[in-house]
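[1] Could you work out the structure for the sequence below:
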Amino acid sequence: MSLLSLEQISVAFGHNPLLSKISFSAEAGERVAIIGRNGAGKSTLLKVISGEQVPDEGVVRLEGGMRISQLPQELPDANEKTVREVVSEGAGEAHDLMTRYFKLLEDFENDHANELSDIQTELDRIQGWDLEQRVNHMVQRLALPADKLMSELSGGWRRRVILAQALISNPDVLLLDEPTNHLDVPTIEWMEQQLQQFRGLILFITHDRRFLEKLANRIIELDRGNLISFSGNINDFLVFKEKMLEEEERANALFDKRLAEEEVWIRQGIKARRTRNEGRVRALKALREERSERINRQGNAKMAIETKDKSGKLVAEFTQVGHSFEDKVILQPMDFIVNRGDRIGLIGPNGCGKSTFLKILLGDLTPESGSVRQGTKLNVAYFDQLREQLDPEQTVAENVGEGKDVIEINGQNKHVIGYLGDFLFPPERARTPVKALSGGERNRVLLAKLFTRPANLLIMDEPTNDLDVETLELLEELLMNYDGTLLLVSHDRAFLDNVVTSVIAFEGEGRVKEYVGGYKDWIRQGGKFPTESTSQTDTPKAKAKPAIEAASEDTKVSSKPKSKLSYKVQREFDDMPAKIAKLEEDIAALHVTTSDANFYAGDADKVQKTLAKLTHKEAELESTMERWLELEEMQNG
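    Next up is the predicted model:
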């Protein structure tokens, strides 16, 4: 049964049709990726579904009682609310009623009996009395620091909190707009796991191709106002789309040939005009109208980086460089060399020290220990993920031209409007203030501005945020052919694999190590991110010790001998690891089954039995883990 259906939806801004009589329906268990060029209407479509945008025509239908939750693109405020409070706000009416209820109970000076009675009735109606229990369950499930203030959390942890807020209402439909923006890889992978377990309908927009590959079991593309739907993964869709575009080009070529022939006929001499077929004239007019209404596919951006005179062979050399802030070690003493032509990716969790490393390399920050030797003839271009180099009040052309109408590109003068056309900004868009642009368009403005400056050392901090797939792939190709030196900070795993030839991994506690290859190669060589479970819950001066070290310390301090388990219980305890491993293996296999694009199209009884089996296995794993911890405590006395 369809949870959601759209019928003949149209939305236009001015003369630009974003959505033109599109229709589709979706069911529970589908994870639908919405793709398309920047400005194609992806965010508008989500707004139509959520009710924020009223379509010009058409109907949005939801099954009765269906609940929709959204994960907003922007991070929540780093305010003084606790995590528990923010998660609870996701319950909407139940949260508001409970807040009002407890506030009235604390007002002893006035009689609020009638209002309290009304609130109790409403809470009974919406089953809101279990809100605190639901919040506690969600906080525990997502491993959130419940009593921490939002102002104490990193961006990645605040993103976790708003995911919990979106899930607390037990939604049937979950809408996600660029959920991985500004997240580090560990948090992205954590989010993938959480969303794969969601049993309702997910519709999401993302630029992260690896996230798209892992999560989507259906693709819908918005292209020139139309919607193309495809059941399957992104790789199969791209093959299908390529064939479809070839067919479209052939059909357009035949149409244009016929139109040209009719135009020749209509312009023939007097004899032809005397015998002119009026029906044929009307048909020609119809052909002309059809041709004028054809929306040609938007071309690809044309980017080029101008490399100034080559730098010296050595770009930078670290000799026992170390740095820390207060009592937090950012870099343990390290030796490192960057040579001309290197393409190096920097990977690690947010806040691990990547920006500090770059500042030290560029000479903007003096390290606490060690020395940095910079190479000669360096010309640096820096891409800032926060886009602080752009003035939102100025137009696109003013930002890129910096007050000039003509700019020099690769030794040739070019009008700034013509140059911006290479970055897919038509003249009217080039004269639009930056504040009115989408996130992807702002990134293209920053790239256009960056590439006006000759550089032999290119530093890019999260350049892929909000870019559509075509522009992202073009940027990849550009960077792969760049003959200068590249330092790239990115959480886009596919982008790293395709662009860099080595990575610098920040592996926790100031440890930094270089690996050959991209992200996959780092994983294959045993690379892993530091555990972040304590990063938001421990104070800097009370860092968690490694488990083995902590255990040995406990043994030294405590003179209490270990308790001896009975033979039967000892056997149970010894068998636990194998049992847990088997359950995890079974659950992983069931997740693969339920993630298949055709799973929910199969026999309904089989679908229900498989989902019930998965639920049972997950519950069994949880109880087994609890029992294992219980026996471990008994054994350790």
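
[2] Next up, phi/psi of residue 335, please.
    Taking degrees, to the nearest 10, you get phi -110, psi 140 for the backbone angles of residue 335.

[3] buried residues in the helix or strand that contains residue 360?
    Residue 360 belongs to helix 354-362 when elements are defined using DSSP states H and E. Residues 354, 355, 356, 357, 358, 360, 361, 362 are the ones in helix 354-362 that count as buried (16 or more other C-beta atoms under 10 Å). For every residue, glycine as well, the C-beta is placed using N, CA and C.

[4] Contacts for it next, please.
    316, 318, 321, 323, 330-331, 338, 346, 348, 365-367, 372, 380, 459, 461, 487, 489, 504, 506, 512 (C-beta atoms under 8 Å, 6 or more residues apart in numbering).

[5] what's the answer for stretch 609-623, then?
    199, 580, 583, 584, 586, 587, 590, 591, 593, 594, 599.

[6] Would you pull up how far it lies from the middle of the chain?
    From the chain centre to the centre of stretch 609-623 is a distance of 29 Å (C-alpha atoms, centre = their mean, to the nearest Å).

[7] ditto for stretch 151-166
    On C-alpha atoms, centre = their mean, the centre of stretch 151-166 falls 14 Å from the chain's centre.

[8] Going forward, count from 35.
    Okay, using 35 as the starting number, the last item reads as stretch 185-200.

[9] Which is the succeeding secondary structure element to the helix or strand containing residue 366?
    Assigned by DSSP H and E, residue 366 belongs to strand 362-373. For strand 362-373, the succeeding helix or strand toward the C-terminus, using DSSP H and E, is strand 377-381.

[10] Tell me the strands beside that following strand, with direction?
    strand 519-523 (parallel), strand 536-540 (parallel) (DSSP bridges).

[11] Of these, which is nearest residue 179?
    Smallest distance to residue 179 across the strands paired with strand 377-381 (C-beta to C-beta): 22.3 Å, for strand 536-540.

[12] about what we covered before: beyond the helix holding residue 394, next helix or strand please.
    strand 403-408.

[13] For that following strand, could you pull out the residues that count as buried?
    404, 406, 408.

[14] Look up how far residue 430 lies from the closest residue to the last one other than its chain neighbours.
    Read that as residue 408. Closest residue to residue 408 apart from its sequence neighbours, by C-beta to C-beta, 6 or more residues apart in numbering: residue 350 at 5.5 Å. Residue 350 sits 34 Å away from residue 430, going by C-beta to C-beta, to the nearest Å.

[15] Equivalent analysis for residue 116, please.
    Using C-beta to C-beta, which is the criterion applied here, residue 116 is 42 Å from residue 430.

[16] Tell me which of those two has more neighbours.
    For residue 116 and residue 430, the more surrounded residue by other C-beta atoms under 10 Å is residue 430, and the numbers stand at 27 against 17.

[17] in the stretch 235-384 of the chain, which segments are predicted with low confidence?
    Applying pLDDT under 70 to the stretch 235-384 of the chain flags residues 293, 295-343.

[18] Helices of that one, start to end?
    For the stretch 235-384 of the chain, the helices defined by DSSP state H, counting those that start in this stretch occupy 243-249, 268-300, 304-308, 312-327.

[19] ok, and what's touching stretch 102-120?
    80, 83-85, 96, 124, 169, 173, 178-185, 187, 189, 192-193, 195-197, 199-201, 203, 205-213, 215-216, 473.

[20] hmm, try it at 6 Å
    By C-beta atoms under 6 Å, 6 or more residues apart in numbering, the residues outside stretch 102-120 that reach it are 84, 178-185, 189, 192, 195-197, 199-200, 203, 205, 207-213.

[21] Which members of the residues you listed occur in helices, if any?
    Counting by DSSP state H, the part of those found in helices is 84, 189, 192, 195, 196, 197, 199, 200.

[22] Reformat these as CSV; add pLDDT, neighbour count and distance to residue 557.
    Below are these laid out as CSV (pLDDT from 0 to 100; neighbours: other C-beta atoms under 10 Å; distance: C-beta to C-beta, whole Å):
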residue, pLDDT, neighbour count, distance to residue 557
84, 88, 16, 37
189, 71, 17, 24
192, 84, 20, 27
195, 89, 26, 28
196, 86, 21, 28
197, 85, 25, 24
199, 88, 24, 31
200, 86, 20, 29
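
[23] Name the nearest of these relative to residue 480.
    Closest to residue 480 out of those is residue 189 (19.8 Å), distances taken as C-beta to C-beta.

[24] What segments of the stretch 435-584 of the chain are strands?
    440-443, 446-449, 491-495, 519-523, 536-540, 546-550 (DSSP state E, counting those that start in this stretch).

[25] I figured residue 45 hits residue 53, correct?
    Yes. If you go by C-beta atoms under 6 Å, residue 45 and residue 53 touch, sitting 4.4 Å apart.

[26] The two - which one has more neighbours?
    Neighbours were counted for residue 45 and for residue 53 using other C-beta under 10 Å; residue 53 has more, 25 against 22.

[27] Which of the helices or strands spans that one?
    Counting by DSSP H and E, the element that carries residue 53 is strand 50-61.

[28] okay, and the helix or strand of this protein with the least pLDDT?
    One helix or strand of the chain scores below all others by mean pLDDT, DSSP states H and E: helix 581-591, with a mean of 32.

[29] distance between the ends of stretch 80-91?
    16 Å (C-alpha to C-alpha, to the nearest Å).

[30] returning to that earlier point: which among the contacts of stretch 643-657 gets closest to residue 464?
    Nearest to residue 464 among the contacts of stretch 643-657, counting by C-beta to C-beta, is residue 233 at 46.1 Å.

[31] Run a quick neighbour tally on residue 649.
    The number of residues packed near residue 649 is 12, by other C-beta under 10 Å.

[32] how about the helix or strand containing it: buried residues?
    Assigned by DSSP H and E, residue 649 belongs to helix 638-669. Of all the residues in helix 638-669, those buried under the rule 16+ other C-beta under 10 Å are 641, 644, 645, 648, 651, 652, 655, 662, 665.

[33] before we move on, back to that, out of the strands paired with strand 377-381, the one nearest residue 136 is which?
    Residue 136 lies closest to strand 536-540 among these, at 44.3 Å (C-beta to C-beta).

[34] From the rest of the structure, what touches the closest one?
    In contact with strand 536-540 (C-beta under 6 Å, 6+ apart) are residues 378-382, 386-387, 546-550, 556, 561.

[35] Ok, stretch 164-180 next?
    Stretch 164-180 is contacted from outside by 117, 118, 121, 122, 125, 128, 132, 194, 198, 202, 570, 571, using C-beta under 6 Å, 6+ apart.

[36] Near residue 372, how many other residues are there?
    19.

[37] err, residue 554, not the other one
    Residue 554 - counted by other C-beta under 10 Å - has 14 other residues nearby.

[38] who are the neighbours in contact with it?
    Counted by C-beta under 6 Å, 6+ apart, residue 554 has contacts residue 531.

[39] 8 Å instead, please
    Contact analysis of residue 554 by C-beta under 8 Å, 6+ apart lists 527, 531.

[40] Residue 541 touches residue 564, doesn't it?
    Yes. Assessed by C-beta atoms under 8 Å, residue 541 is found in contact with residue 564 at 6.1 Å.

[41] distance of residue 501 from residue 457?
    11 Å.

[42] Can you pull the residues that touch both of the two?
    With C-beta under 8 Å, 6+ apart, residue 501 and residue 457 have common neighbours residue 478.

[43] is it true that residue 205 touches residue 101?
    Yes. If you go by C-beta under 8 Å, residue 205 and residue 101 touch, sitting 4.6 Å apart.

[44] Those two: which is more packed in?
    A direct count of neighbours by other C-beta under 10 Å for residue 205 and residue 101 places residue 205 higher, at 19 against 13.

[45] what's the burial count for the residue nearest to the more buried one when sequence neighbours are not counted?
    Once flanking residues are discounted, residue 205 sits nearest to residue 103: 3.7 Å by C-beta to C-beta, 6+ apart. Residue 103: 21 surrounding residues under other C-beta under 10 Å.

[46] Since that was my last question, I'll sign off now.
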